[in-house]
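Q: sequence and predicted structure, then a few things I'm wondering about:
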Amino acid sequence: MRTSLLVQAALLVVGAAGCGQRNDTVADSPAATSTATDTAQAMGDVTNAAAQPGAPNTLTDAERADGWKLLFDGTSTAGWRGYGKTAMPDSGWSVVDGALTRTGRGGDIVTTDKYKDFELALEWKVPPGGNSGVFYHALESADPIYYSAPEMQILDDARHPDGKNPLTSAGAAYGLYAPPRGVVKPAGEWNSARLVVRGNAVEHWLNGQKVVSYEAWSDDWKAKVAASKFAAWKAYGTGKEGLIGLQDHGDRVQFRSIKVRVLP
């Protein structure tokens, strides 16, 4: 009896071990591994898709809910006009491949609406040696636009002479506050930029990194202005509200995904 029980117990142990081995074999089989990999990849694709921004010149549902609006839809220049003019220039600016593009002499362009506290987001691209800028709080009582409007610099740092001076390099508060080196992408690639203005607090963002932060009209700001060429322009930086502008500096520049939201 005892021998019979021992034999049965041994058979049960062997059977259990065999079942465990078969399960391990199934788990390690190419089919099972492929299924697990496919599932993980599918979950990753969903996560990545959710993390990706919307297509150029569009708003996501989340952005709409947060109060963003497009300043450029990828097909027309609606919402823009020439600085000091009632309409867009007859030439010099056009839509090329879904981008608002400076193609020739046309002058600076500005939004049709004025903004006080706001967040602006856009993408920009310049060719080798390219130079442009984004103005804010522009006052048309002063001519040209940079007599009144502070500028977020757009530049090919590697090939334009201004790139040698941090105060005039890409992302700088032109002539006043310098960004760190190495953030701008090479000429021919799209750079993402944000400009945040709330009261006297100003931030410049380039490719997801905050590169400049300052307080307008502070003692530090006033000292920097007094030591710069802007000291001769009495209207410079005085606007608490004004137009957003895109600079015609004589070089080709492209903008897309231009969007803005008013801040409380």
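A: Good, I have the coordinates.

Q: need the helices for the stretch 51-200 of the chain, in chain order.
A: 61-65 (DSSP state H, counting those that start in this stretch).

Q: just give the number of residues close to residue 246.
A: 26 (other Cβ atoms under 10 Å). (Each C-beta comes from the backbone N, C-alpha and C, glycine too.)

Q: that one touches residue 106, doesn't it?
A: No: counting by Cβ atoms under 8 Å, residue 246 does not reach residue 106; the two are 10.3 Å apart.

Q: ok, and the closest non-adjacent residue to residue 176?
A: Nearest residue to residue 176, sequence neighbours excluded (Cβ to Cβ, 6 or more residues apart in numbering): residue 224, at 4.7 Å.

Q: what about the strands in the stretch 151-264 of the chain?
A: 151-155, 191-198, 201-206, 209-215, 242-246, 253-262 (DSSP state E, counting those that start in this stretch).

Q: looking at those, which is buried most?
A: Comparing those by mean neighbour count (mean count of other Cβ atoms under 10 Å), strand 151-155 ranks first with a mean of 27.

Q: wait, isn't residue 151 in contact with residue 135?
A: Yes: between residue 151 and residue 135 there is a contact under Cβ under 8 Å: 5.4 Å.

Q: ok, residue 67 to residue 54 distance?
A: Using Cβ to Cβ, to the nearest Å, residue 67 is found at 16 Å from residue 54.

Q: what do you get for residue 116?
A: 27 Å.

Q: ok so, going back, which residues do residue 151 and residue 135 both contact?
A: Both residue 151 and residue 135 are contacted by residue 247, under the criterion Cβ atoms under 8 Å, 6 or more residues apart in numbering.

Q: got the contact list for the closest residue in space to residue 247 that isn't next to it in sequence?
A: Excluding the flanking residues, the one nearest residue 247 by Cβ to Cβ, 6+ apart is residue 133, at 4.1 Å. By Cβ under 8 Å, 6+ apart, the contact list for residue 133 reads 151, 152, 153, 154, 174, 246, 247, 249.

Q: Throw those residues into CSV and include distance to residue 143 and pLDDT, thanks.
A: Converted to CSV, the contacts of residue 133 look like this (distance: Cβ to Cβ, whole Å; pLDDT from 0 to 100):
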residue, distance to residue 143, pLDDT
151, 15, 99
152, 20, 99
153, 21, 99
154, 21, 99
174, 18, 99
246, 17, 99
247, 14, 99
249, 16, 98
